[in-house]
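Colleague: I would like to see how this sequence folds:
(chains A, B and C)
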Amino acid sequence: MKKIEFTSWHDLTDSPYFDEASFYETFDGGQSFNWKIKEEYVEGIFLNAIFRIKLKRNKLVFSIPKGLDSKTAEKKLSNYVANDIDFKSIQDQLPWRSDPILKCSIEAFPHLRILRQPLNETLFSFLCSSSKQIPQIKQILDLSASRYGVNIFSNYRSLPTWTKLAQLAETELKELKLGFRSKYIYKTAKFINSNPSWLNKLNDLSLNDSKKQLMRLPGVGEKIADCVALFALGKLDAFPIDTWIEKILIKAYELEDFNKNQLIRFAQHHFGRYAGYAQQFLFAAARSKVIKL
DNA sequence: CCGCAGGATACTG
DNA sequence: CAGTATCCTGCG
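Modeller: Take a look at the predicted model:
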């Protein structure tokens, strides 16, 4: 195994601005399981490319394996961090003026953003995520990549493709510590494989229609459908309700008598077209104990 | 609305 | 150090 060498640090053109807390919450919060946290940088693979990323004077700088085209890599990264969105305007359109809980959440992570993650990888990751905590999810994904992933460079492997997954036996999936999720992955892989254009068509649908489609898959309930819609389909009005968010709404927003559907409807009315961003701010704030529950 | 699924992690005795 | 509770979400 040849030792891999990385380039020196490149500035990312038009990089978003990050403070330290927002940077780590963006790359290692609830939205992505892709990044390994090292002393000096975070390292991860997406779209068949390997990246090291860190902050330099509040902007992103990146390094890739030597010998690869840094312009191509830079384009991928720019899109991944959504450097073209008007982040300030999105933030300003959230109802923080009338919502002190949201206001203090945003103040704690003022530059937290939502990444644009590849659809196939995001669907796989979140199918693996149900009833698991983040370190365990990362472990499953690591194991899946090292066994069945695409060899990118040296010993770096990306997550397995759906085509590859469709070729695996259910017993082989079980060995990835997927537990009862192996059945979901197995059936979903077969479905995607026999409906090759199905995944990409999701991009053209509204939030509700894309969720309906996603929830046809075994193992995809409303929460996971919302995550995929928000993190991979760019539906910024999606509002995934996990146990943290549920706790926040019930306790901090005092919505004791609301059921799941009523909570989602409340969130979409109250937070509006960028409800997904509100969700990320609240989630980060609750986990870091900025909001007390 | 409840209980199960499963593997790690955090407690208890 | 063995045993037990807890976490977490789709599904029947």
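Colleague: for A:R147, give me its contacts.
Modeller: If a contact means C-beta atoms under 8 Å, 6 or more residues apart in numbering, then A:R147 has A:P160, A:E175, A:L176 as its contacts. C-beta here means a position set from N, CA and C on the backbone, and glycine is covered the same way.
Colleague: name only those of those residues that count as buried.
Modeller: Neighbour-count burial (16 or more other C-beta atoms under 10 Å) is assigned, among those, to A:P160, A:L176.
Colleague: which one of the contacts of A:R147 is nearest DNA strand C?
Modeller: A:L176 (16.7 Å; C-beta to the nearest atom of the strand).
Colleague: who in chain A is up against DNA strand C?
Modeller: Chain A has residues A:129-133, A:184, A:215, A:217-224, A:242-244 near DNA strand C, with proximity defined as C-beta under 7 Å from any atom of the strand.
Colleague: how about low-confidence regions in chain A?
Modeller: Scanning chain A with the threshold set as pLDDT under 70 gives A:1-2.
Colleague: can I get the contacts of A:R147 in CSV including secondary structure?
Modeller: Converted to CSV, the contacts of A:R147 look like this (DSSP: H, G, I helix; E, B strand; the rest coil):
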residue, secondary structure
A:P160, coil
A:E175, helix
A:L176, helix
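Colleague: and chain A, what are its domains?
Modeller: The domain map for chain A lists A:10-84, A:86-114+A:234-293, A:119-227, with the assignment taken from automatic domain parsing.
Colleague: can you give me the strands in chain A?
Modeller: Read by DSSP state E, chain A holds these strands, from start to end of the chain: A:10-11, A:36-37, A:42-46, A:49-56, A:59-63, A:151-153, A:156-157.
Colleague: any buried residues in the fifth one, and which?
Modeller: This points to strand A:59-63. Taking 16+ other C-beta under 10 Å as the basis for neighbour counts, the residues of strand A:59-63 that come out buried are A:L60, A:V61, A:F62, A:S63.
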